[in-house]
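# I'd like to go over a predicted model; first the sequence, then the structure.
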Amino acid sequence: MTERDAENPAKIAIRGLEVSYGSKRAVEGLTLDIASNAVTALIGPAASGKTSILRTINLLSVEVDGAATRGEICLGGRNVLDGHTDRAALRRQVGMVFATPQPLPGSIFDNLVYGPRLAGVRRRADLDALVESSLRSAELWDEVKDRLGRSAFALSGGQQQRLCIARTIALGPEVILLDEPCSGLDPISTLRIEEMMRLLTSRFTWVIVTNNTKQAARVSQRTAFLLQGELVEEGPTAELFTTPRDGRTADYVEGRFG
Amino acid sequence: MRMMRAPMRLPEKVVGRLLLMLASSSIAALASIGVFIVREGAPLIHKIGLGRFLSSDWHPTSGHFGIALMVVGSAVVTGGALVFGLPLGLGCAVVLGEMAPPRARSILKPLIEILAGIPSVVYGFVGIVVVLPWIRRHLGGPGASGLAAAAILGVMILPTITAISLDALRAVPTAYREGSLAMGATRWQTIRRVVLPAARSGIVAAVILAIGRAVGETMAVVMVAGNAVLLPRSPLDPVRTLTANLALEMGYATGDHRAALFATAIVLFVIIVALNALAGLARGRRRRRRARGALGGWPRLRLLTPARAQALAFAVLWSFMAGTLAILVLILAFVLGHGLPHVTPTFLLANPLASGRAGGVLPIVVGTLQVTLLGVAVATPLGVGTAIYLVEYTRGGRLTRLIRFGAECLAGVPSIIFGLFGFVLFVLTLGLGWSILAGGLTLAFMTLPLLIRTSEEALRAVPAAYREVSLSLGASKWQTVRKIVVPAALPGIATGLILGVGRAIGETAALIFTAGSSLPRHVPRSLFDGTRTLSVHFYQLAREGISIERAYAAAAVLVLAISAINLASTLAMERLSRRAA
C-alpha cells in the first residue's frame, strides 16, 4: 500500500472476521489492518458491527456475550481466535475502556493496582510507581494525588473516565481499545480526554469506536467506515473525510444518514 | 511476545466443575428426600392397595390406613386460609406497590416481613390463648376447629402472597402506568385495568405458592385445629390435616402404621412438587404474554364517579393494610406483654427443672444456637456455590432451569417432611440418633433454598459492567467472581444468612424428630447430644399445658430474637442498596 504504511506496520491484522450471536451475524468477513502506534477510529451507524469488532479483539464478546467467531485476528504474529489464547495475558496486552466510566468498588488506588496485582506485581514500591506514572499519563495525577485512598465513585464523570484510562495504562498494554469513551461526558471532559490521547498517541496502538464523526476527525490518523457488519472503506482520516471513495461514506461523514 | 499459552485454563475448569457439584446439591437433596420417603411409604400403598389408602377409614390400630378425611381436612383448612389471606395479602401488596409513598413503604414492608418471620408455634400459641377462646365464646363449639386453623393459616400465608405479588407488580413497566394516566385514567382505574391484569400471572403464582405453604404447615395447625378424624359439617367442627396427622402420630408409630405415615408424606410431597411446577408455568407465561395488551373492556354502567370509586377502593385497601398491621401489633403486644415479665436472669441462665415448670432454658438456648449455626454453616457453601454457578457460569440453559426448579421445590417442601427425611436418613440410617448433628444437617437441607435464592439475587444485583471491567483488566472469570462480584454481593448474601438463622431458630416440625424432644438436664457437651430447641420446648410447654407463664416467656424470647434478626437483615439490605446508589 502507501509508503506511510511501510514505516508504520500493522499492529493488528484482521482477516475474514465473522462475529455472530446465535443466528444473528454482526460482522461479515471483515479484513482490516490496524496501524501500530496510531489512533484508528471505527465509525458507522448503529448495527454496523464496530463494537463487536472491538470486543472481539480482546475476546470479551466471546466470553461475555457468547459470540461465535470465524477468521483471524493476528496480534504480533499470533491469531487470538485460535481457541488457545490465554485471555488474561491477552487483556493485559490489549486494554479496554468502556462507554460509561465504570470504577470498581474501592479506592482510586485499588482501581489502579487491580490489574497489576493480578499480573503478579506485589511490591508496594512498584505499585506506587505504577500508580503515579499511569495517573500522570492520564493527566489525573495532580487532581487526585492527595486522595488516592478515597472511593473512586467520589470523582466526577470525566475524572472517572480518565481513571479508567489510567487503570488500563497501568496494565502496560500495547493496544488500547476505546468503546465510545466520551458518550456520557460533557464537552470539556471530552476535550481533555482527546488531548490526552494526542499526547499519548505514539505510545500505544489505539482503536476507538465512536458515534461522533467529528471526534474521529479530531483524534484519529486512520478511519474505517463500517455499514451493517461490512467494511465500506478505510484510509487516512484526512482523506476519508475530504475525498471519500465511496458515496455511502460521503453521505455518512457529511451527516446525510445514520 | 507476552501472550502465552493458557496457564489458567485448568484451575478455571476445576472451579466450574466444583461449582456444578455444589449446584447439584439442591436437586440431590430433593431427589434423596423423594427416594427416602418413597422407600419407606410406597410398599404400604402397594400392600393395601390405592383404593383403601384413599378411603376414609383411618384406624391405624386395627390396620385401616385411609387418608381421605385428612385430605379433606387439608383442603378445607387451605381453602379457608385463602379466604382470609388472599384479600389481605393482595391488598397489602397493592398498597405497598402502587399506593404508599416511598417512605411509608420502607416502614410497612419490613413490618409485613416480621409477620413472615414469626415461628409457626407462636402462631399456634396465639391461636390457643386468643382465637380459640374467642370462637368458643362468640360462635360456640369447642373452639379448636377448621375455622380457627383457617384464620391462623390465613395470617401465616399473607406475607407469602404479599411478597410474591409485590414482585409481580414491580415487574410491570412504569410506562404502562404513565400511559394509562396520560390517557385520563384515575390511579385506581390504572391499577385495576392495567397494572393488576399485567401482573396477573405473578399473582397467580403467589396464590399457588401460598397454597403450598398452607398445605404444608404443621405446628400451628396441630395446635388449633382440634385434630379429630371426622368429616367436618360446619366451620366450627375440628379437622385433622395430613401434616397434623404426621406430627401427631409419628412419635409412636411402628410397622405398617409408620409406613402409612410415610405414604402420607409421599402424597404431600407430590402435591408440593406439582404446585411448584404450576407456579413455575404461571410465571413463565407472564414473559410470553407481556407483549400482548392487558387492557380489559371498560364498563358501560358506572354507579360511582371514577373519583369516588378510587376513594372507596383506596379506603378498602388501606383498611386491609391497617388490619394486617393490627394483627401484627396484637401478636407482638400479646406475646411480649405476657412473656417479658417472666424473662428473668434465672429463666435465661439456669437449667430446667420439673419438666420445664421451674428453672430456666440455658441448655435449650445453647442447643438451639448449635443446631442453627451448624445448619447454616453447612448450607452456606452449598447455597452460595449454587448461586455463583447459576449466575456466573451458566447462560440459562436446561440445566439452570432444572437446578432452579429443584431449589424452588425444596423451598416448598413442608418442614414436617424434612423432619421425617432427617429422621430416616440421619437419625436411623446414619445412626446419629436424636442429636444436634442430625438436627443441624436437617436444617441445612431446609435453609438451602433460601440461601440459594437470596445469594442469587445479590449476585444478579452486581452490575454487569464490574465483570467486564475486571475481565478487561486481565482477571480470569474466577478471579473476577472472587475479588469483585462476591465482595460486592456480600451484604445481600449476609442478609440471606441472617434470614436463614431466623428461619432455623423458629423451626419446630423438622427438629422434633431429628434433634430430639426430651428435656436436656445440662448444656450439650458434644454434637452427638440430643437437644430440645427453644421452639420445640415452647411447643411442649404450650401444648401440654405444663406452664403457661414459661410458655409466654419462651415465646417472648423467640419473637424478640427473630425480630432482631429480621431487623438486622433489613439494615444489611439497606446498606447494600445505599452502596449501590
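On my side now, so go ahead.

# in the stretch 51-200 of chain A, which spans are helices?
Ranges of helices within the stretch 51-200 of chain A are A:60-64, A:87-93, A:108-118, A:124-137, A:141-144, A:157-169, A:187-200, based on DSSP state H, counting those that start in this stretch.

# okay, now B:V329: neighbour count?
B:V329 is flanked by 11 other residues according to other CB atoms under 10 Å in any protein chain shown. The C-beta positions use only the backbone N, C-alpha and C, and glycine is treated the same way.

# B:V72 is nearest to which of the helices of the stretch 51-200 of chain A?
helix A:60-64 (54.6 Å; CB to CB).

# Would you indicate which residues of the closest one are buried?
Buried positions in helix A:60-64, judged by neighbour count with 16 or more other CB atoms under 10 Å in any protein chain shown: A:L60, A:S61, A:V62, A:E63.

# on contacts alone, who are the packing partners of it?
helix A:50-57, strand A:68-75, helix B:464-472 (3 or more CB pairs under 8 Å, 6 or more residues apart in numbering or on different chains; DSSP states H and E).

# CSV for those, including distance to B:G280, mean pLDDT and mean neighbour count?
Conversion of these to CSV gives the following (distance: least, CB to CB, whole Å; pLDDT from 0 to 100; neighbours: other CB atoms under 10 Å in any protein chain shown):
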stretch, distance to B:G280, mean pLDDT, mean neighbour count
helix A:50-57, 34, 95, 24
strand A:68-75, 31, 94, 18
helix B:464-472, 25, 93, 20
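
# Kindly reformat the ones you listed as CSV containing distance to A:W206.
Below are the helices and strands packed on helix A:60-64 laid out as CSV (distance: least, CB to CB, whole Å):
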stretch, distance to A:W206
helix A:50-57, 11
strand A:68-75, 14
helix B:464-472, 15
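
# Indicate which one of the ones you listed is closest to B:V121.
Closest among the helices and strands packed on helix A:60-64, using CB to CB: helix B:464-472, at 43.1 Å.

# After that closest one, which helix or strand is next?
Using DSSP states H and E, the next helix or strand after helix B:464-472 towards the C-terminus is helix B:477-480.

# and chain A, which residues reach chain B?
A:58, A:60, A:63-64, A:66, A:75-78, A:80, A:84-93, A:95-96, A:98, A:100, A:102, A:104-105, A:114-115, A:118-119, A:164, A:167-168, A:171 (CB under 8 Å from any CB of the partner chain).

# let's go with 7 Å and repeat that
A:58, A:60, A:63-64, A:66, A:76, A:78, A:84-86, A:88-93, A:95-96, A:98, A:100, A:102, A:104-105, A:114-115, A:118-119, A:167, A:171 (CB under 7 Å from any CB of the partner chain).

# Take those residues and, keeping just the buried ones, write it as a ChimeraX select command.
The command below creates a ChimeraX selection of those among the residues of chain A next to chain B that count as buried (16+ other CB under 10 Å):
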select /A:58,60,63,78,85,86,88,89,90,91,92,93,95,96,98,100,102,104,105,114,115,118,119,167,171
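
# In this structure A:E63 contacts B:L471, no?
Yes - using CB atoms under 7 Å, A:E63 is in contact with B:L471, at 6.4 Å.

# Low-confidence regions, the chain specifically.
Looking at chain A here, since you left the chain open. Along chain A, segments meeting pLDDT under 70 span A:1-8, A:257-258.

# right idea, wrong chain: chain B
Judged by pLDDT under 70, the stretches of chain B that qualify are B:1-10, B:285-302, B:396, B:576-581.
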